[in-house]
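Colleague: Predicted model follows, preceded by the sequence.
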Amino acid sequence: MATREGAATVAAEGSKIRVAHVLTVAGSDSGGGAGIQADLKACGARGVYCSTVITALTAQNTAGVQGVNMVSEEFVAEQLKSVLSDMHVDVVKTGMLPSVGIVKVLLHSLNEFPHLALVVDPVMVSTSGDVLAGPSILEVFREELLPRADIVTPNLREASTLLGGKQIETVADMHEAAKLLHDMGPRNVLVKGGDLPGSFDAVDVFFDGEEFYELRSARVRTHNTHGTGCTLASCIAAELAKGSPTLSAVKVAKRFVETALDYSKEIVVGDGPQGPFDHFLMLKREMQGSRKHWIFEPSRLFLYAVTDSVMNKNWDRSITDAVKAAIEGGATIVQLREKEAETGYFIEAAKSCLEVCRSHGVSLLINDRVDVALACDADGVHVGQSDMPVRVARALLGPDKIIGVSCKTPEQAHRAWTDGADYIGCGGVYPTNTKANNKTIGLDGLKAVCLASKLPVVAIGGIGPSNAGAVMEIGAPNLKGVAVVSALFDRECIVEEARKLRATLDKGKTSNS
Ligand SMILES: Cc1ncc(COP(=O)(O)OP(=O)(O)O)c(N)n1
Ligand SMILES: Cc1nc(C(=O)O)sc1CCOP(=O)(O)O
Ligand SMILES: [Mg+2]
């Protein structure tokens, strides 16, 4: 049986980016807590694309299931064909499969795409106790669907039903059940013990055919558990689609569900006894919390300080001291451009600079090194035309980080916008000794880039207190500031030089307003 182990989350093919993709084959929940709706949210929260084949429409809410309307086998087949004949699916995840005919249609499609990994959540009864697939389904599950699965994820009741009514009341029973289910053919089994009577922790048993793993987590006290099974299975599928090994995928998924339950403990969505939880609540909290201050605002480009490891060495200064001084003098954003630094040292220095920057509300970007930016959780990166492409950096860093890109031409400026950059560094405006063999484009070149650009622009190259005014006077509304290296860091007193430059820029701003 094929698995997706080794597949990349996001694989770059030239300038195209292939995204990890889960196809869910499940029922719709009108209440939005479980089924297709939970699967879409789970995959979205885990950063994976999700397509859907709907097997049934259910009318349900926090009180239970009021009605079920099955989709015809022919139309399930048509949906499967539409998705699988065109889209690059990595993993198929199943939920509610309400009839033997629908399972057979799915198996037929899976036979045509043998490379697809399969996660089976053997949904039979809803959390409210309503039957979603009758006993007639058991034979085809046991004999055809489970043998094709990479992992099957029953809760205690489903495991018991699949095993002909076996009593499962202890962790030892769960081990036995996992072994018996594994004998039916799936590569891995996860028996979920959320309903285990009298247990203090939530214990799940994972069996890969060789070893048993007891995965324990603290039990979250909440009524908002509707959709946990669908979410867990979708998260496992999402992690497999990114290329994780199965046990790691299960651990990540379990942690995600636990955290989401904890964050959603107190939310009220309906008046029934079992509410849904919020897959994105932790993201919202994060946005409302500390990260809010670091979201990019173009006016921050006003006085952009770019460090230089050689200059710091020549003046016998640490990077952190240099950064502190630049901020004290009025720098509004800092970039660490440490071309010679060893990776381990660079990460540690960046962490220390981040503390300084964050305590002053100043963003910190890393030049060239997306890996270093990720390692220290910097606010973003600056890349050049021959560094990591903006699209790839964006895929690695996510939507909230700042990405700047160097552009010398209007064409490059246009591309920066379509690729998802946040700002453009445009130069060299004047000749510079800091960057070898750098082409000078002059004020005219800067104007042409600003005119062509939908993004904010910062000018760079040979700029200091004597010419910064002239640069800003070109009169382009999206020119937001100047970036400087030697005018600050190749001087005896960084604070003083930064103040001088800042005064020039402030003066220009007042005379223009
Ligand atoms: C603000 C800003 N603009 C341009 C550059 C130059 O980046 P790049 O072209 O990648 O050259 P190196 O700095 O890596 O030598 C920059 N660093 N910052
Ligand atoms: C890093 C860099 N990039 C440039 C570009 O043209 O993209 S010019 C440059 C060096 C700028 O240093 P200084 O302020 O000392 O002239
Ligand atoms: Mg570069």
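Modeller: That came in fine, so what should we check first? Ligands and ions are numbered 1, 2, ... in the order given.

Colleague: Next to ligand 2, which bits of the stretch 201-350 of the chain? Give me the list.
Modeller: When proximity is defined by CB under 6 Å from any ligand atom, the stretch 201-350 of the chain lies next to ligand 2 at residue 306. (Glycine included, C-beta is placed from N, CA and C.)

Colleague: If we use 8 Å, what do you get?
Modeller: With CB under 8 Å from any ligand atom as the criterion, the stretch 201-350 of the chain comes near ligand 2 at residues 306, 308, 337.

Colleague: Run a quick neighbour tally on the last one.
Modeller: For residue 337, the count of nearby residues is 22 (other CB atoms under 10 Å).

Colleague: For it, which non-adjacent residue is spatially closest?
Modeller: Residue nearest to residue 337 in three dimensions, not counting chain neighbours: residue 367, with 3.8 Å by CB to CB, 6 or more residues apart in numbering.

Colleague: From what I see, the one you found and residue 306 are in contact.
Modeller: Yes - between residue 367 and residue 306 there is a contact under CB atoms under 8 Å: 7.3 Å.

Colleague: Who has more neighbours out of these two?
Modeller: More crowded of residue 367 and residue 306, by other CB under 10 Å: residue 306, with 24 against 21.

Colleague: Just want the phi and psi numbers for the more buried one.
Modeller: phi -110, psi 120 (degrees, to the nearest 10).

Colleague: same deal with residue 108?
Modeller: phi -60, psi -40.

Colleague: number of nearby residues for residue 82?
Modeller: Residue 82, neighbours per other CB under 10 Å, totals 12.

Colleague: does it count as helix, strand or coil?
Modeller: Following DSSP: H, G, I helix; E, B strand; the rest coil, the label given to residue 82 is helix.

Colleague: and it, what pLDDT?
Modeller: Predicted confidence (pLDDT) for residue 82: 97.

Colleague: which ones are touching it?
Modeller: Not one residue lies near residue 82 by CB atoms under 8 Å, 6 or more residues apart in numbering.

Colleague: what about it, distance to residue 109?
Modeller: Counting by CB to CB, to the nearest Å, the separation of residue 82 from residue 109 is 11 Å.

Colleague: what does residue 40 give?
Modeller: Going from residue 40 to residue 109 by CB to CB gives 20 Å.

Colleague: Residue 471 now?
Modeller: From residue 471 across to residue 109, the span is 61 Å (CB to CB).

Colleague: Repeat that for residue 313.
Modeller: Distance check for residue 313 against residue 109: by CB to CB, it reads 62 Å.

Colleague: who's more crowded, those two?
Modeller: Between residue 313 and residue 109, residue 109 has the larger neighbour count (other CB under 10 Å), namely 21 against 10.

Colleague: Give the buried residues for the helix or strand hosting that one.
Modeller: Here residue 109 sits within helix 100-112, counting by DSSP states H and E. For helix 100-112, the neighbour count (16 or more other CB atoms under 10 Å) marks 100, 101, 102, 103, 105, 106, 109, 110 as buried.

Colleague: Including distance to residue 160 and pLDDT, could those residues go into TSV?
Modeller: TSV is the format used below for these (distance: CB to CB, whole Å; pLDDT from 0 to 100):
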residue	distance to residue 160	pLDDT
100	21	95
101	25	96
102	23	97
103	20	97
105	27	98
106	24	98
109	29	97
110	26	97
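
Colleague: Do a quick rundown of the helices in the stretch 151-300 of the chain.
Modeller: Using DSSP state H, counting those that start in this stretch, the helices assigned to the stretch 151-300 of the chain run over residues 156-162, 171-182, 228-242, 246-263, 281-288.

Colleague: ok, and which of those has the densest surroundings?
Modeller: Stretch with highest mean neighbour count among the helices of the stretch 151-300 of the chain: helix 228-242 (a mean of 29; mean count of other CB atoms under 10 Å).

Colleague: Now the element after the longest strand seen in the chain, going C-ward?
Modeller: Ordering each strand of the chain by length in residues (DSSP state E) puts strand 49-61 first. Counting by DSSP H and E, the next helix or strand C-terminal to strand 49-61 is strand 64-70.

Colleague: and that next one, which strands flank it?
Modeller: Its sheet considered, strand 64-70 pairs with strand 49-61 (antiparallel) by DSSP bridges.

Colleague: Which residue is the nearest non-sequential neighbour of residue 81?
Modeller: Leaving aside its sequence neighbours, residue 81 sits nearest to residue 109 (CB to CB, 6+ apart; 7.4 Å).

Colleague: can you pull the contacts of that neighbour?
Modeller: Contacts of residue 109 by CB under 8 Å, 6+ apart are 77, 80, 81, 84.

Colleague: Can you show me the CA trace of stretch 444-451 as PDB?
Modeller: Coordinates of each C-alpha in stretch 444-451 appear next as PDB, following Å, rounded to 0.1, in the frame of the first residue of the first chain:
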ATOM      1  CA  ASP A 444      15.400  57.900 -12.600                       C
ATOM      2  CA  GLY A 445      15.700  54.200 -12.100                       C
ATOM      3  CA  LEU A 446      14.100  54.600  -8.700                       C
ATOM      4  CA  LYS A 447      11.300  56.700 -10.100                       C
ATOM      5  CA  ALA A 448      10.500  54.100 -12.800                       C
ATOM      6  CA  VAL A 449      10.300  51.300 -10.200                       C
ATOM      7  CA  CYS A 450       8.100  53.300  -7.900                       C
ATOM      8  CA  LEU A 451       5.800  54.200 -10.700                       C
END
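
Colleague: do it and ligand 2 meet at all?
Modeller: No - on the criterion CB under 8 Å from any ligand atom, stretch 444-451 is out of touch with ligand 2, staying 9.8 Å away.

Colleague: Off-centre distance for that stretch?
Modeller: Stretch 444-451 sits 35 Å away from the centroid of its parent chain (CA atoms, centre = their mean, to the nearest Å).

Colleague: Could you pull up the mean pLDDT of it?
Modeller: Computed over stretch 444-451, the average pLDDT equals 97.

Colleague: so who does residue 428 touch?
Modeller: Counting by CB under 8 Å, 6+ apart, residue 428 makes contact with 435, 438, 439, 440, 441, 460, 461, 462.

Colleague: If I look at it, what pLDDT would I see?
Modeller: In this prediction, residue 428 carries a pLDDT score of 97.

Colleague: Same check on residue 281?
Modeller: 72.

Colleague: What distance do you get for it to ligand 3?
Modeller: Per CB to the ion, to the nearest Å, residue 281 is found 38 Å from ligand 3.

Colleague: so where is the protein shaky, pLDDT-wise?
Modeller: Applying pLDDT under 70 to the chain flags residues 1-15, 126-131, 133, 199-200, 282-296, 510-513.

Colleague: Quickly list the domain ranges of it.
Modeller: 16-263+275-282, 298-512 (automatic domain parsing).

Colleague: neighbours around the residue lying closest to residue 234 once chain neighbours are set aside, how many?
Modeller: Leaving aside its chain neighbours, residue 234 sits nearest to residue 42 (3.8 Å; criterion: CB to CB, 6+ apart). Using other CB under 10 Å, residue 42 is surrounded by 29 other residues.

Colleague: in stretch 181-199, what counts as buried?
Modeller: Residues of stretch 181-199 classed as buried by neighbour count (16+ other CB under 10 Å): 181-182, 184-194, 196.

Colleague: cool, stretch 17-30 as well?
Modeller: 20, 21, 22, 23, 24, 25, 26, 27, 28, 29.

Colleague: Would you mind putting those into JSON lines with distance to ligand 3 and secondary structure alongside?
Modeller: Putting the buried residues of stretch 17-30 into JSON lines (distance: CB to the ion, whole Å; DSSP: H, G, I helix; E, B strand; the rest coil) gives the following:
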{"residue": "20", "distance to ligand 3": "28", "secondary structure": "coil"}
{"residue": "21", "distance to ligand 3": "32", "secondary structure": "strand"}
{"residue": "22", "distance to ligand 3": "35", "secondary structure": "strand"}
{"residue": "23", "distance to ligand 3": "39", "secondary structure": "strand"}
{"residue": "24", "distance to ligand 3": "41", "secondary structure": "strand"}
{"residue": "25", "distance to ligand 3": "45", "secondary structure": "strand"}
{"residue": "26", "distance to ligand 3": "46", "secondary structure": "strand"}
{"residue": "27", "distance to ligand 3": "50", "secondary structure": "strand"}
{"residue": "28", "distance to ligand 3": "48", "secondary structure": "strand"}
{"residue": "29", "distance to ligand 3": "48", "secondary structure": "strand"}
